[in-house]
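**Q** Model the following, please.
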Amino acid sequence: MVAFAYTIAGSEATGGAGFQVDLKTFHELGTYGMGALTCIVSFDPKNNWGHRFVPVDPQVIKDQIESATEAQDLDTVKIGMLGHPDTIKAVSESLRKQSWRNIVLDPVLICKGQEPGHALDTDNALREQILPLATVATPNYFEACTLAGMESLNTIEDLEEAARRISALGPRYVIVKGGIDFPGDDAVDVLWDGKKATAYRTPKIGQERVSGAGCTLAAAITAELAKGTDIHEAVRIAKEVVTKGINARVSAHTPFDTVWQGAYSA
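**A** Next comes the predicted model:
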């Protein structure tokens, strides 16, 4: 039986993040990927590869979600870049029209290039309208600090505390990604499952961020949950997908490399 994995996210024109990464990851893990576009992001090579951000009309977002949910019995969705309060409202209203077994939120709080006041409005809307609906949240270091109200995450215990605090805001499961900002030689992610914390460690690969790592992790968790995989095993597999993808990273003319999802099966 085919497992369906759905994404609501932004398009990233180089293919290294967002909607494109989600669909590639879904396919890599044997699920049928579908999705709704929330915005179009294209890096500007003439301006230090900064973001050019164009939101999709809220009604168009609703129409996409309506079409997909009527076409298939979808119960597992990943939420990525939303980027605008009107987008967040549209997605929240659409999600509430049916029950979902799994809502995986990759809480993208800041889109580079946004005016600060607008960015704050977007962050607040995400906290109020989307985070309480999530069953799983996958914040990175910065997002975890922001959502948990902590200045820094320097120990495993800090990652656990941040995960517990964020879980209290709604999500049943929280995976805090320590990433390159976490001290030490290991890339550490901590899963809080409502009862206990589990740390997942792999040696860091270089000292530079690789685009698409967070999207890939959340999308891999989404695909595995869609297939009925236990959350602990889903996180383990997702960590493996990301680690292999970073090892086989794709270089470009950009100042950053990107994860190659195909490395998992290759």
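
**Q** alpha carbons only for contacts and neighbour counts from here, please
**A** Fine.

**Q** what's the helix or strand for Tyr6?
**A** Assessed by DSSP states H and E, Tyr6 sits inside strand 4-12.

**Q** ditto for Asp86
**A** helix 85-95.

**Q** Show me what counts as buried in that helix.
**A** 85-92, 94-95 (16 or more other Cα atoms under 10 Å).

**Q** Likewise for stretch 128-143?
**A** 129-131, 133-143.

**Q** just the helices in the stretch 1-150 of the chain please.
**A** Taking DSSP state H, counting those that start in this stretch to define them, one finds helices in the stretch 1-150 of the chain at 18-28, 58-71, 85-95, 116-125, 141-148.

**Q** Can you read off the pLDDT for Phe19?
**A** Listed pLDDT for Phe19 reads 98.

**Q** From what I see, it and Glu12 are in contact.
**A** Yes. Using Cα atoms under 8 Å, Phe19 is in contact with Glu12, at 7.0 Å.

**Q** who has more neighbours, the two?
**A** Set Phe19 next to Glu12 and count neighbours by other Cα atoms under 10 Å: Phe19 wins out with 30 against 22.

**Q** give me every residue that touches the more buried one.
**A** Going by Cα atoms under 8 Å, 6 or more residues apart in numbering, Phe19 touches 7-12, 35, 37, 80.

**Q** just Gln20 next, same as before
**A** 11-12.

**Q** Against Val176, how distant is Ala197?
**A** Between Ala197 and Val176 the computed distance is 10 Å (Cα to Cα, to the nearest Å).

**Q** Got the confidence number for the most far-flung residue of the chain relative to its centre?
**A** Going by Cα atoms, centre = their mean, the residue of the chain most distant from its centre is Lys46, 27.7 Å out. The per-residue pLDDT reported for Lys46 equals 93.

**Q** Dig out what the residue nearest to Gly80 when sequence neighbours are not counted forms beta bridges with.
**A** Nearest in space to Gly80, with sequence neighbours left out and distances taken as Cα to Cα, 6 or more residues apart in numbering, is Ala9 at 4.5 Å. On the basis of DSSP bridges, Ala9 is bridged to Leu37.
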